[in-house]
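S.K.: the following comprises the amino acid sequence and a computationally predicted model.
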Amino acid sequence: MQKYSIFSLARHTLTGHADWTEAWRSPEPKATYDVVIVGGGGHGLATAYYLAKEHGINNVAVLEKSWLGGGNTGRNTTIVRSNYLWDESAHLYEHALKLWEGLSRELNFNVMLSQRGVLNLAHNQHDLREISRRVHANRLNGVDSEVLSTDQVKAFCPLIDCSPGVRYPVLGASLQRRGGVARHDAVAWGYARAADALGVDIIENCAVTGIRRSGGAVEGVETTRGFIKAPKVALAVSAHTSHLAAMADLRLPIESHPLQAIVSEPVKPILHTVVMSNSVHAYVSQSDKGELVIGAGIDGTVSYAQRGGFPIIEDILKAIVHVFPMFSRLRMLRQWAGTVDICPDASPIVGLTPVGGLYVNGGWGTGGFKSTPGSGHVYAHTIARNEPHPLNAPFSLERFSTGALVDEHGAAAVSH
Amino acid sequence: MYLIPCPWCGERDQSEFRSGGEAHIARPLEPEHLNDGAWADYLFMRTNPMGLYRERWVHAHGCRRWFNMLRDTVSDRILAVYHMDEAPPEPGDES
């Protein structure tokens, strides 16, 4: 791997940037691998990287049906935080956030993590109580979190309408200062480049069409580029988890919904933090290009269309204009949807399946991007040892039979 | 967003309706005889298909009645609506 640095940049300047080597190879698939990872988004690529780096398993293929990071990795609103309510989630997302904090150095690729803080507004007494409950739970779990009063919110982010006469006044907020945003594409590219350097084969334009099994265990995958033999097959396909698992006759408690986002025209830096409001129901941050990146809740139907309904857009913008009246004069430039895989308890499934050698990592719903490094890290451990890491053990598929659900509906930044 | 042909009211805007999830999931008649896995299958497991999907809808801001729909989840095209006590139409004979 050609190391990126100020010196390599200067050296390549002399030759007009004509001879940079490609960030990762495009190999032909081999007939056999030790592990096949299905899905070349952030989670799949991170899994491949940690398998090679921490577990010495280099004979790994990542199969991607189109291009790297072209699914939800490239469609989310790039928010990173770990202020989840329950112990299980807080530990998992905090593990991810700690990995985020060293990721650019680890991968020698700037993932542009900007820890600008994530502010969650409270608009009524119930919100206030929930926020202080969550802040206390976070602090007991070692997650930085604090409660702000209305005056402190006003001082921290003067753009927010904190006047008492509005329909949903700001009564306070929680703030996780270590939260923020990261560059989503860079996460996929950085992991791809680092995994490739450790010998992982990244195979794009290769869709999985079947999972071949024998005697209750996996033999390999049928793909559009032929059969690939592997004793271990690991799914990391977000919204497509259900129908890939169905290829191995597995039923999962997942439903795939559109989740929309909107971007405004670019303006000068005006919003230095991430602001979320559960009650008014929207969230916003400003990208480095100056666009406001805006999102909210999912559409209520199962759909893989990667587009959503206009009423949701109306609701999102009504909420944004309520919290930030000055944004009412901004024009919106683009709108799109990803397809998120929602579990009944709004928590992911990461672990083994009843099929030997088949692993599942999905159901992240709206929390997928922020968890990318942590998800890949514990999933690699699960695949290498054929048993879950202590951090993902509570997120097994069996929890739906045992009843040990991790109910994170209320603790999500906006309810879904 | 799409127009939904309510069997009672005719075509109305989607915002008048609410999705009730997958159709044709019958509650087990004797749940006390099910093991935890079978109960979890009824309660939580869903087909979540990429393609033809049979789902329940309610005309929440209209006649408030329930009905079933056959929809393609990739194109969001509505292929048929039918009453809840009717057998699901086979793909191809929606008209």
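M.R.: Ah, there it is. Numbering: from 1, shown residues only, chains lettered A, B, ... in the order given.
S.K.: can we go C-alpha only for contacts and neighbour counts from here?
M.R.: OK.
S.K.: tell me who's in contact with residue 81.
M.R.: Since no chain was named, I'll use chain A. Neighbouring residues of A:R81 by C-alpha atoms under 8 Å, 6 or more residues apart in numbering or on different chains: A:93-94, A:97, A:118, A:176, A:178-180, A:370.
S.K.: ah, no, chain B please
M.R.: Counting by C-alpha under 8 Å, 6+ apart, the residues that B:V81 touches are B:5-7, B:67-70.
S.K.: picking that back up, out of the contacts of A:R81, name the ones that lie in helices.
M.R.: Taking DSSP state H as the definition of helices, these contribute A:93-94, A:97.
S.K.: got the residues of chain A near chain B?
M.R.: Within chain A, the residues that sit near chain B (C-alpha under 8 Å from any C-alpha of the partner chain) are A:242-243, A:251-256, A:300-305, A:308-311, A:344, A:400-402.
S.K.: of those residues, which belong to helices?
M.R.: A:242-243, A:310-311, A:400-402.
S.K.: burial count for the nearest residue to A:L103 once chain neighbours are set aside?
M.R.: Counting by C-alpha to C-alpha, 6 or more residues apart in numbering or on different chains, the nearest residue to A:L103 once its immediate chain neighbours are dropped is A:V111, at 7.2 Å. Around A:V111 sit 24 other residues, with neighbours defined as other C-alpha atoms under 10 Å in any protein chain shown.
S.K.: so A:V111: helix, strand or coil?
M.R.: When classified by DSSP: H, G, I helix; E, B strand; the rest coil, A:V111 comes out as coil.
S.K.: ranges for the helices of chain B?
M.R.: Using DSSP H, the helices of chain B run over B:36-43.
S.K.: quick check: bridge partners of the residue positioned nearest the centre of chain B?
M.R.: In chain B, the C-alpha closest to the average C-alpha coordinate belongs to B:E55, at a distance of 1.5 Å (C-alpha atoms, centre = their mean). For B:E55, the residues forming beta bridges with it (DSSP bridges) are B:E22, B:M69.
S.K.: need the pLDDT of it.
M.R.: Taken from the predicted model, the pLDDT recorded for B:E55 is 96.
S.K.: now do B:E94, the pLDDT please.
M.R.: The predicted structure lists B:E94 with a pLDDT of 48.
S.K.: find the closest residue to chain B in the stretch 1-150 of chain A.
M.R.: With distances taken as C-alpha to the nearest C-alpha, the stretch 1-150 of chain A approaches chain B most closely at A:G71, which sits 14.8 Å away.
S.K.: give me the buried entries from the ones in helices among the contacts of A:R81.
M.R.: Applying a neighbour-count criterion of 16 or more other C-alpha atoms under 10 Å in any protein chain shown, the buried members of the ones in helices among the contacts of A:R81 are A:93-94, A:97.
S.K.: need those residues in TSV (columns: distance to A:P169 and pLDDT).
M.R.: Written out in TSV, the entries for these read as follows (distance: C-alpha to C-alpha, whole Å; pLDDT from 0 to 100):
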residue	distance to A:P169	pLDDT
A:Y93	30	97
A:E94	31	98
A:L97	31	98
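S.K.: how many neighbours does the residue of the stretch 1-150 of chain A closest to chain B have?
M.R.: When neighbours are counted by other C-alpha under 10 Å, A:G71 registers 21.
S.K.: is it true that it touches A:G39?
M.R.: No - with the criterion set as C-alpha atoms under 8 Å, A:G71 and A:G39 do not qualify as a contacting pair; they are 9.3 Å apart.
S.K.: ok, which stretches of chain B are strands?
M.R.: Counting by DSSP state E, one finds strands in chain B at the ranges B:3-6, B:10-13, B:18-22, B:52-58, B:66-72, B:78-82.
S.K.: distance to A:S82 added to these, as TSV?
M.R.: Formatted as TSV, the entries for the strands of chain B read as follows, by distance: least, C-alpha to C-alpha, whole Å:
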stretch	distance to A:S82
strand B:3-6	39
strand B:10-13	38
strand B:18-22	30
strand B:52-58	35
strand B:66-72	36
strand B:78-82	40
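S.K.: quick one: neighbours of residue 67, just the number.
M.R.: Picking chain A for this. Burial of A:W67 is recorded as 15 neighbouring residues (other C-alpha under 10 Å).
S.K.: meant chain B, my bad for not saying
M.R.: Using other C-alpha under 10 Å as the criterion, B:F67 is surrounded by 21 other residues.
S.K.: how about it, what does it touch?
M.R.: Applying C-alpha under 8 Å, 6+ apart, we find B:F67 in contact with B:6-7, B:56-58, B:81-84.
S.K.: with A:A186 instead?
M.R.: By C-alpha under 8 Å, 6+ apart, the contact list for A:A186 reads A:109-112.
S.K.: show the model's pLDDT score for the residue nearest to A:L103.
M.R.: According to the model's per-residue confidence, A:V111 sits at a pLDDT of 97.
S.K.: wait, what's in contact with it?
M.R.: Neighbouring residues of A:V111 by C-alpha under 8 Å, 6+ apart: A:103-104, A:182-184, A:186-187, A:190.
S.K.: show me which residues of chain B sit near chain A.
M.R.: With C-alpha under 8 Å from any C-alpha as the criterion, chain B meets chain A at residues B:1-2, B:15, B:18-19, B:21, B:36-37, B:39-41, B:44-50, B:73-76.
S.K.: ok, of those residues, which come out buried?
M.R.: Buried by 16+ other C-alpha under 10 Å: B:15, B:18-19, B:21, B:39-40, B:44-50, B:73-74, B:76, out of these.
S.K.: and the two most separated of those residues?
M.R.: Across these, the longest distance by C-alpha to C-alpha is 33.2 Å; it joins B:S15 and B:W39.
S.K.: ok, and the most crowded of the contacts of B:V81?
M.R.: Counting by other C-alpha under 10 Å, top hit in the contacts of B:V81: B:N68 with 27 neighbours.
S.K.: relative to B:Y53, how far out is that residue?
M.R.: In this view, B:N68 and B:Y53 are 10 Å apart by C-alpha to C-alpha, to the nearest Å.
S.K.: could you pull up the residues touching the closest residue to A:C343 other than its chain neighbours?
M.R.: On the basis of C-alpha to C-alpha, 6+ apart, the spatially nearest residue to A:C343 that is not a chain neighbour turns out to be A:I254, at 4.8 Å. For A:I254, the contact set (C-alpha under 8 Å, 6+ apart) comprises A:241-242, A:341-344, A:363, B:45-46, B:48.
S.K.: any chance of those in a markdown table, plus pLDDT and distance to A:G56?
M.R.: As requested, the contacts of A:I254 are exported to a markdown table (pLDDT from 0 to 100; distance: C-alpha to C-alpha, whole Å):
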| residue | pLDDT | distance to A:G56 |
| --- | --- | --- |
| A:T241 | 97 | 27 |
| A:S242 | 97 | 30 |
| A:D341 | 95 | 31 |
| A:I342 | 95 | 33 |
| A:C343 | 96 | 32 |
| A:P344 | 94 | 36 |
| A:G363 | 96 | 28 |
| B:M45 | 97 | 36 |
| B:R46 | 97 | 37 |
| B:N48 | 97 | 36 |
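S.K.: tell me which two in those residues are the farthest apart.
M.R.: Within the contacts of A:I254, two members stand farthest from each other by C-alpha to C-alpha: A:T241 and A:P344, at 14.7 Å.
S.K.: more crowded one of those two?
M.R.: When A:T241 is set against A:P344 and neighbours are counted by other C-alpha under 10 Å, the residue ahead is A:T241, at 24 against 19.
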